[in-house]
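Q: Pasting the sequence and the predicted model now:
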Amino acid sequence: MTKEYDGWELHYFDEAYNFRNYQFKIINEFINGKTAEVGPGIGGNINCYLHKTRSLDLFEPSKKVFEVLKQNTHNKPNVQFFNKEFSNHKDKYDTIIYLDVLEHIEHDQKEFFNAFANLNDGGHLIVNVPAFNFLYSKFDKDFGHYKRYNKADFKKFIKQLKPTFSKLIYYDSIGFLLIVLSKILFSSDYSNIDKKVSFWNKLVPISRIIDLITFFSFGKSLLCIIKK
């Protein structure tokens with residue numbers, strides 16, 4: 001990953017309950033069994049899916065974030081913590097989750113292929129990333145993102161791996177429109193980030209409607225799910 005990540009912005013986005021509920025409505029059916037989440041941050045997502053797992057391994061390479069993660073989730077049953085890169089771990093899982101993490105990893109294809117290799121047969125790899133590289137901004141750079149992604153990026157990965165199932169969709173159309181407006185009208189600063197995140201989160205229910213109408217053809221996020 002990039003230089004030591006302190007995750008200062010994570011708690012703001014963990015308050016985006018409408019978005020998280022929407023996100024996990026899409027992915028929860030693919031989570032089961034022995035599960036790993038890579039880059040879980042401070043643990044804000046865990047309650048959304050822990051009940052679907054048999055056991056959960058959390059891989060958080062940032063030392064600063066790792067300490068907060070342990071404090072927030074130390075009392076969760078069947079959860080193990082690893083302060084290291086997932087690429088250095090060799091074990092098999094039924095589900096491996098990357099939620100807005102792959103963009104922080106320079107050698108993303110290697111990471112993606114390694115995660116797929118660590119799946120049990122029939123297991124799912126779930127990867128969520130920021131969509132459309134033309135939206136790349138100072139925010140992305142300051143948050144340690146190497147890039148944003150298009151479907152074509154993952155189609156290359158999928159073609160080489162040949163999974164038994166794949167799902168590839170854009171979603172959160174309102175989030176996409178807000179980013180476009182921000183790039184055109186506003187400077188890239190972090191003032192009132194709590195209010196900005198809250199405003200976006202309130203509009204997520206509208207995204208759910210637009211996404212359906214537009215057949216998930218664009219959005220702030222890109223979701224890739226593949227089955228081994």
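A: Nice, I can see it.
Q: Name the nearest residue to the most centrally placed residue in the chain, ignoring sequence neighbours.
A: In the chain, the centroid-proximal residue (Cα atoms, centre = their mean) is Leu99; its distance is 1.4 Å. Closest residue in space to Leu99, ignoring its immediate chain neighbours: Asn128 at 4.7 Å, by Cβ to Cβ, 6 or more residues apart in numbering. Any C-beta I mention is one placed from the backbone N, CA and C, and that applies to glycine too.
Q: Bridged to that neighbour, which residues?
A: Applying DSSP bridges to Asn128 gives these bridge partners: Leu99, Leu223.
Q: Tell me, how many residues neighbour it?
A: Asn128: 22 surrounding residues under other Cβ atoms under 10 Å.
Q: Contact partners for it?
A: By Cβ atoms under 8 Å, 6 or more residues apart in numbering, the residues touching Asn128 are 23, 27, 98-100, 221-224.
Q: wait, doesn't the residue nearest to the centre of the chain sit right on Gly44?
A: No: using Cβ atoms under 8 Å, Leu99 is not in contact with Gly44; the gap is 9.7 Å.
Q: Can you name the residues in contact with stretch 153-164?
A: 109, 112-113, 116, 127, 166, 168, 222, 224, 226-228.
Q: let's see 10 Å
A: For stretch 153-164, the surrounding residues in contact (Cβ atoms under 10 Å, 6 or more residues apart in numbering) are 102, 108-109, 112-113, 116-117, 119, 121-122, 124-125, 127, 129, 133, 147, 151, 166, 168, 222-228.
Q: Please pick the buried ones from those.
A: Of the members of the contacts of stretch 153-164, the ones counted as buried by neighbours, 16 or more other Cβ atoms under 10 Å, are 102, 108, 112, 116, 119, 124-125, 127, 129, 166, 222-228.
Q: name the helices or strands packed onto the longest helix along the chain?
A: As assigned by DSSP state H, the longest helix anywhere in the chain is helix 193-213. Where contact means 3 or more Cβ pairs under 10 Å, 6 or more residues apart in numbering; DSSP states H and E, helix 193-213 is packed against helix 10-14, helix 17-27, strand 165-171, helix 173-185.
Q: So for that helix, mean pLDDT?
A: Averaged over helix 193-213, pLDDT sits at 94.
Q: Likewise for stretch 106-120?
A: Mean pLDDT, computed over stretch 106-120, is 96.
Q: Need the CA coordinates for it. CSV is fine.
A: What follows is stretch 106-120, C-alpha atoms only, in CSV (Å, rounded to 0.1, in the frame of the first residue of the first chain):
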residue,chain,number,x,y,z
GLU,A,106,-0.1,-0.2,-6.4
HIS,A,107,0.2,-3.8,-7.8
ASP,A,108,-3.6,-4.3,-7.9
GLN,A,109,-3.6,-7.1,-10.4
LYS,A,110,-1.2,-9.2,-8.3
GLU,A,111,-3.4,-8.6,-5.2
PHE,A,112,-6.6,-9.5,-7.1
PHE,A,113,-5.1,-12.7,-8.5
ASN,A,114,-3.6,-13.7,-5.1
ALA,A,115,-7.0,-13.2,-3.4
PHE,A,116,-8.7,-15.4,-6.0
ALA,A,117,-6.0,-18.1,-5.4
ASN,A,118,-6.9,-18.0,-1.7
LEU,A,119,-10.5,-18.8,-2.3
ASN,A,120,-12.0,-22.3,-1.7
